[in-house]
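**Q** quick one: sequence and predicted model below, then my questions.
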Amino acid sequence: MALTKPSSGDPGYSGGTKASVVIGGIVDAIGQMAVNVKSHYGATGDGTTDDTTAVQNALTAVATGGLVYFPPGTYVISSALTLTASSGVTLTGQSLTRSVNAAPPSVLKFTMTGAGDGITAKGATGLRIAHMALMYTSSSFTGNLVNLTTNAGTRTTQFVAEDIWAGGSGVSTANSLFKIDGAIGTRFNGLVAFKADHAIESDGGNSSQCLIEQPTSTLLDVSFLHNAPNTTTIISPVGEPLSSGAAGFILTDSGTTVLNSMVIINPWWGDISASSGAWVSADEVRSLTVLGGYIGYGSTTTVFKCTSSATARPWRGVRIGPSIQFVDDSSPTGVLFDPGTSTSAHDIEFEGNQYWSGTNIAARETVPVSNGTNFTCTPATRSVMVANTGGASTITLPDATKYYRHVIKVTRAGTGAGAITIGASAGNVNGGATATLGGAAGATMILESNATDWWGG
């Protein structure tokens, strides 16, 4: 199909030529195919008529490069759309100013059932989907809304989703909304994901270079990101699982996938519940950094959880903070980090964060210990201040068989003569021996677990 001059009936037409075509407010580059699913291929977008054939014909016409424009409307799709091995294709609705929390007006309504796909784009290069809502409607649909996995060994590369709403319409049965096994260079900007097991699903180390900016997660059943690609960056994610679904944020499969090189910046995640599992749940981690934001967690819940039982699969290079607000706003029994049953020492540090944890002082970096009270340090503990006025207290380090390189400062705040005993836990220095912090108020001791000595002053 050749590029033809648009007519006054085309949305956004303003007298363009072959060299400068205006479709729905988007100026197409010279030489690129640009088609309108309604005016060029007869799609209705009325929410009732089956538009599968018309839409597929439009996609086929631009499979080697071009743009398909979907005017506002609801396009019924009854079988998988195919963009396998396509190159340089853009699917776009109209970028309109709309009210807050309003979906894009151009909707693909998938009505198929079973374990297939809504859009099959295996091995595609440079595919872009923008300003659209992708919805499935059948409670027996258990597949993937968009499949971006490999095609006969050829990986999908440089996929972009921008301003996309994706999920179930009154149902929540899909496996994933975007499946990106093996994909390289995927980018999601402004994704609103809801009603599926997972928003994005990968096979972990076989895919890489994923950038997710300003996603919103609600009403998901298992996780937002399942088996993250290598080198994943997530910026300003928002989620509310307790009141809107049961999903955690990041989940990797036990025994098969490594969470490798992930950075999460400025999250807002409210009310992690017991049903949602941990915010980040992983078997093995090699480099995870979380910076800034707000994380709320409730009764008997865990924020970060190791699921490994293997001796050589710990969490390594994990840095949590600075500038995160952790809010245990329903009970003092939430847990920041659960080391699981792994017998390897974890390398995880919490530093420079703020804790609103009710009476749960164990979930804070700076811990005030009352006179005569004992305290066992947690992975979050950075310093302990003992208000000693005569009663004896024992401060116990974290288990060094679980945590590697843990540095804690203990300070005598009171002037009493009560002993402050530093108890070394399993695997720590001096074979489990203890030390005593003496001196006047203000005396300190710096403790390092898994080290060769203690020193104080």
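**A** Good, I have the coordinates. Numbering: from 1, shown residues only.
**Q** what sits opposite residue 296 in the beta ladder?
**A** For residue 296, the beta-bridge assignment (DSSP bridges) gives partners residue 327.
**Q** touching, it and residue 334? I think so.
**A** No - in this structure, residue 296 is not within contact of residue 334 by Cβ atoms under 8 Å, at 9.4 Å. (Glycine included, C-beta is placed from N, CA and C.)
**Q** joint contacts of these two?
**A** residue 328 (Cβ atoms under 8 Å, 6 or more residues apart in numbering).
**Q** can you count the residues close to residue 309?
**A** Neighbour count for residue 309, taken as other Cβ atoms under 10 Å: 13.
**Q** so what does the closest residue to it other than its chain neighbours look like in phi/psi?
**A** Once flanking residues are discounted, residue 309 sits nearest to residue 341: 4.7 Å by Cβ to Cβ, 6 or more residues apart in numbering. Note on residue 341: backbone dihedrals following degrees, to the nearest 10 are phi -100, psi 10.
**Q** so how far is residue 326 from residue 341?
**A** Distance, residue 341 to residue 326, by Cβ to Cβ, to the nearest Å: 24 Å.
**Q** the two: who's more crowded?
**A** Set residue 341 next to residue 326 and count neighbours by other Cβ under 10 Å: residue 326 wins out with 25 against 10.
**Q** the more buried one contacts residue 352, correct?
**A** No - between residue 326 and residue 352 there is no contact under Cβ under 8 Å: 11.8 Å.
**Q** give me the mean pLDDT for stretch 170-180.
**A** In this model, stretch 170-180 has a mean pLDDT of 95.
**Q** got the buried residues for it?
**A** By neighbour count on 16 or more other Cβ atoms under 10 Å, the buried set for stretch 170-180 is 171, 172, 173, 174, 175, 176, 177, 178, 179, 180.
**Q** among those residues, which are in strands?
**A** Mapping the buried residues of stretch 170-180 onto strands (DSSP state E) picks out 176, 177, 178, 179.
**Q** return the residues in contact with the second one.
**A** Pointing back at residue 177 there. Counting by Cβ under 8 Å, 6+ apart, the residues that residue 177 touches are 134, 144, 145, 146, 166, 167, 193, 196, 198, 199, 200.
**Q** among those residues, which ones are in strands?
**A** Using DSSP E, these in strands are 134, 144, 145, 146, 166, 167, 193, 198, 199, 200.
**Q** the fourth one and residue 132 touch, don't they?
**A** The one in question is residue 146. No - Residue 146 is beyond contact range of residue 132, at 11.0 Å (criterion: Cβ under 8 Å).
**Q** how many residues are close by residue 218?
**A** 19.
**Q** who's the closest residue in space to residue 144 that isn't next to it in sequence bridged to?
**A** Among residues not flanking residue 144 along the chain, residue 179 sits closest, at 4.0 Å (Cβ to Cβ, 6+ apart). Counting by DSSP bridges, residue 179 is bridged to residue 147, residue 201.
**Q** and for residue 46?
**A** residue 74.
**Q** for residue 130, same thing?
**A** residue 92, residue 162.
**Q** now the buried residues of stretch 170-180 in TSV, with distance to residue 54?
**A** Compiled in TSV, the buried residues of stretch 170-180 are given as follows (distance: Cβ to Cβ, whole Å):
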residue	distance to residue 54
171	25
172	29
173	27
174	24
175	28
176	27
177	24
178	24
179	26
180	28
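**Q** re the thing from before, tell me the contacts of the residue nearest to residue 144?
**A** Counting by Cβ under 8 Å, 6+ apart, residue 179 has contacts 144, 146, 147, 148, 149, 200, 201, 202.
**Q** am I right that the fourth one is in contact with residue 183?
**A** Yes - A contact is recorded between residue 148 and residue 183 when judged using Cβ under 8 Å, the distance being 5.1 Å.
**Q** quick one: common contacting residues for these two?
**A** Contacts common to residue 148 and residue 183, judged by Cβ under 8 Å, 6+ apart, are 156, 159.
**Q** for this protein, what helix or strand is lowest in average pLDDT?
**A** Using mean pLDDT, DSSP states H and E, the weakest-scoring helix or strand in the chain turns out to be strand 455-456, at a mean of 36.
**Q** let me know the secondary structure of residue 58.
**A** helix (DSSP: H, G, I helix; E, B strand; the rest coil).
**Q** need the pLDDT of it.
**A** On the pLDDT scale, residue 58 gets 96.
**Q** let me see the contact set for it.
**A** By Cβ under 8 Å, 6+ apart, residue 58 lies in contact with 35, 37, 40, 41, 43, 68.
**Q** burial measure for the closest residue to residue 36 other than its chain neighbours, as a count.
**A** Using Cβ to Cβ, 6+ apart and skipping residues adjacent in sequence, the residue nearest residue 36 is residue 69, 4.9 Å away. Residue 69 has 27 neighbouring residues, counting by other Cβ under 10 Å.
**Q** bridged to residue 69, which residues?
**A** The residues that residue 69 bridges to, once DSSP bridges is applied, are residue 36, residue 92.
**Q** confirm for me that it is in contact with residue 95.
**A** No - between residue 69 and residue 95 there is no contact under Cβ under 8 Å: 11.0 Å.
**Q** before we move on, the earlier item: for the contacts of residue 177, which two are the farthest from each other?
**A** 134 and 198 (14.7 Å; Cβ to Cβ).
**Q** tell me the contacts of the closest residue to residue 170 other than its chain neighbours?
**A** Nearest residue to residue 170, sequence neighbours excluded (Cβ to Cβ, 6+ apart): residue 137, at 7.3 Å. Each residue near residue 137 by Cβ under 8 Å, 6+ apart is listed here: 109, 110, 111, 168, 169, 170, 171.
**Q** now those: which count as buried?
**A** Buried among the contacts of residue 137 by 16+ other Cβ under 10 Å: 109, 110, 111, 168, 169, 171.
**Q** closest one of these to residue 231?
**A** Nearest member of the buried ones among the contacts of residue 137 to residue 231, counting by Cβ to Cβ, is residue 168, at 30.1 Å.
**Q** phi, psi of the closest residue to that closest one other than its chain neighbours?
**A** Once flanking residues are discounted, residue 168 sits nearest to residue 195: 3.4 Å by Cβ to Cβ, 6+ apart. For residue 195, the backbone dihedrals (degrees, to the nearest 10) come out as phi 50, psi 70.
**Q** check whether residue 195 really touches residue 171, as I assumed.
**A** Yes - counting by Cβ under 8 Å, residue 171 is a contact partner of residue 195 at 6.6 Å.
**Q** residue 436 touches residue 410, doesn't it?
**A** No - the pair residue 436 and residue 410 does not pass the contact test of Cβ under 8 Å, sitting 10.8 Å apart.
**Q** tell me where the stretch 1-150 of the chain has strands.
**A** 21-23, 26-28, 33-36, 46-50, 66-69, 73-77, 81-82, 89-92, 106-110, 117-120, 128-136, 144-147 (DSSP state E, counting those that start in this stretch).
**Q** no further questions, thank you.
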